[in-house]
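Chemist: take a look and give me a structure for this.
(chains A and B)
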Amino acid sequence: MTENGEHHSALPYFIVWVALVILTVTTYRTGRMHLGTWALPLALTIAVTKSLLVILFFMHLWEQKGANRIVIGTSFVFVALIISLTVADVATRFPLATPAGAPFGSDIPAQLEEPAPEYQPPAGKIGEPPRGVPEPK
Amino acid sequence: MSEAAALPPGEHLVHGTDPHLAHHFSSLERQVDASRLGMWLFLSTEVLLFAGLFTGYAVYRYSFPVAFAASARTSEIWAGTLNTIVLITSSLTVALAIHFVRAGRQRAAVVCLAITLFFALAFLGIKAIEYTAHFHEHQLPGRYYRFEGVRLPGAEMYWALYFLMTGLHGLHVVIGMTVLAVIAWRTAHGYYSAHYYVGIELAGLYWHLVDLIWIFLYPLLYLI
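Modeler: So this is what the prediction gives:
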């Protein structure tokens, strides 16, 4: 047990709670301003600050053993990796990354023996499946 | 599981006589440390479970920034903000429950856990009002999306992610409530004391995680 402190005060918990409420009001106010480019980084900074307050003081990680810190710290590293690498992958794709005629991911029609039936140009919107690519046999 | 037994205050414990100590641990301190480490490992897997959904959100938000921003503006922002305050306050009452049981005040701890359960119910009630509004407006995933307010490609993806993320989070709220109710019942019956309270601590950790995930869901789904 954590040193069984007999004379712990409950005051720190209330201070953390007040800080969390103030940060919630801040993120609400700034969220309604529609700050454009800065809205997402600001909202995430406030969310990370709030979560640190909860983890360190409500969840007592401040006074925990090193192993527990490593465990949760490692999971946050992997969260950062999965999100950043996946978004980086999606953000850097371009049509020529897959060869023409591949059954997936290409906007370019296959060069087949007979001309491909009525090729329609892609709609140009992200996320829509490419049209004009023949079904794989 | 050993039978509930409240130890008289100040009693010196010899190994083998503590009803809370499992036989494969040399001391209660080590047992509690192992429980804590196990809980942090479990919480890490929970974080990674939600990370999958957050990744999906990041990818589709990157693909449809306009539709996501417009859809977030049509969500029930008042409900999201109110629920954030509700969950933060319930986190405080859980932390206070552990504080009280550490000080040997089990009754105060039970009251704090009961207040937490009340806040959790309030959270689910507000969420139900929100879901009802979305169903009436046809703000629904996939081909069920018929909302006239936002007619942009990708809006139905926002609502798919909205229902997946808040739904999984809501499931965690229900599980957390069950755990907290069991722990409160056991505390009321003297199973936990200032000498041994790791169960309350671990239930509290789970509840804080539920709060933690909402802290990220709130700005991403309601504000930006």
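
Chemist: please tell me the pLDDT value assigned to residue 22.
Modeler: No chain was given, so I picked chain A. Per-residue pLDDT puts A:I22 at 96.

Chemist: wait, chain B
Modeler: The score at B:A22 is 84. That number is its pLDDT.

Chemist: quick one: low-confidence ranges for chain A?
Modeler: Within chain A, the stretches with pLDDT under 70 are A:1-8, A:95-100, A:102-137.

Chemist: longest helix in it, by number of residues?
Modeler: Counting residues, the longest helix in chain A under DSSP state H turns out to be helix A:66-91.

Chemist: could you list the buried residues of that helix?
Modeler: When neighbours are counted by 16 or more other C-beta atoms under 10 Å in any protein chain shown, the buried residues of helix A:66-91 are found to be A:68, A:71-72, A:75-76, A:79, A:82-83, A:86-87. Where you see a C-beta, it was placed from the backbone N, CA and C, and this is true even at glycine.

Chemist: right, and B:H99 touches A:F14 too?
Modeler: No. With contacts counted by C-beta atoms under 8 Å, B:H99 stays clear of A:F14, the gap being 10.6 Å.

Chemist: more neighbours: these two, which one.
Modeler: Neighbour count, other C-beta atoms under 10 Å in any protein chain shown: between B:H99 and A:F14, B:H99 has more, with 19 against 13.

Chemist: distance between the one helix or strand B:T81 maps to and the chain's centre?
Modeler: Assessed by DSSP states H and E, B:T81 sits inside helix B:77-102. On the basis of C-alpha atoms, centre = their mean, to the nearest Å, the separation between the geometric centre of helix B:77-102 and that of its chain is 10 Å.

Chemist: what average pLDDT does that helix get?
Modeler: For helix B:77-102, the per-residue pLDDT values average out at 95.

Chemist: show me what it is packed up against.
Modeler: For helix B:77-102, the helices and strands in contact under the criterion 3 or more C-beta pairs under 8 Å, 6 or more residues apart in numbering or on different chains; DSSP states H and E are helix A:11-32, helix B:106-136, helix B:198-218.

Chemist: ok, the second one near chain A or not?
Modeler: No. On the criterion C-beta under 8 Å from any C-beta of the partner chain, helix B:106-136 is out of touch with chain A, staying 10.1 Å away.

Chemist: pull out the buried positions in that helix.
Modeler: Residues B:106, B:109-113, B:115-117, B:119-120, B:122-123, B:126-127, B:130-131, B:134 are the ones in helix B:106-136 that count as buried (16+ other C-beta under 10 Å).

Chemist: and that helix, what does it pack against?
Modeler: For helix B:106-136, the packing partners by 3+ C-beta pairs under 8 Å, 6+ apart come out as helix B:77-102, helix B:155-188, helix B:198-218.

Chemist: if we use 7 Å, what do you get?
Modeler: helix B:77-102, helix B:155-188 (3 or more C-beta pairs under 7 Å, 6 or more residues apart in numbering or on different chains; DSSP states H and E).

Chemist: for it, what does the pLDDT average out to?
Modeler: For helix B:106-136, mean pLDDT rounds to 96.

Chemist: that helix vs helix B:198-218, what angle?
Modeler: Here the directions of helix B:106-136 and helix B:198-218 differ by 30 degrees (axes from the mean of the first three to the mean of the last three C-alpha atoms, to 10 degrees).

Chemist: what's the angle from helix B:106-136 to helix B:155-188?
Modeler: If you take the same axes, to 10 degrees, helix B:106-136 sits at 160 degrees to helix B:155-188.

Chemist: the shortest one too?
Modeler: Using the same axes, to 10 degrees, the interaxial angle of helix B:198-218 with respect to helix B:155-188 works out to 160 degrees.

Chemist: that older thread, which parts of the helix holding B:T81 are buried?
Modeler: Applying a neighbour-count criterion of 16+ other C-beta under 10 Å, the buried positions in helix B:77-102 are B:77, B:79-81, B:83-84, B:86-102.

Chemist: before we move on, what about stretch B:58-69?
Modeler: Within stretch B:58-69, the residues scored as buried using 16+ other C-beta under 10 Å are B:58-61, B:63-64, B:67-69.

Chemist: close to chain A, is that stretch?
Modeler: Yes. For a cut-off given as C-beta under 7 Å from any C-beta of the partner chain, stretch B:58-69 has contacts with chain A, namely B:58-59, B:62-64.

Chemist: which single residue of chain A ends up nearest chain B?
Modeler: Nearest to chain B in chain A, going by C-beta to the nearest C-beta, is A:G31, at a distance of 2.9 Å.

Chemist: give me the number of residues near that residue?
Modeler: When neighbours are counted by other C-beta under 10 Å, A:G31 registers 23.

Chemist: hang on, the earlier thing: which members of the buried residues of helix A:66-91 additionally contact chain B?
Modeler: A:68, A:71-72, A:75, A:79, A:82-83, A:86-87.

Chemist: which residues touch the residue in chain B positioned nearest to chain A?
Modeler: Closest approach of chain B to chain A (C-beta to the nearest C-beta) occurs at B:L223, with a separation of 2.9 Å. The contact partners of B:L223, taken as C-beta atoms under 7 Å, 6 or more residues apart in numbering or on different chains, are A:27-28, A:31, A:43, B:72.

Chemist: most neighbours among those residues, which one?
Modeler: Each of these was scored by neighbours using other C-beta under 10 Å; the highest score is A:T27's, at 26 neighbours.

Chemist: many thanks, we can stop here.
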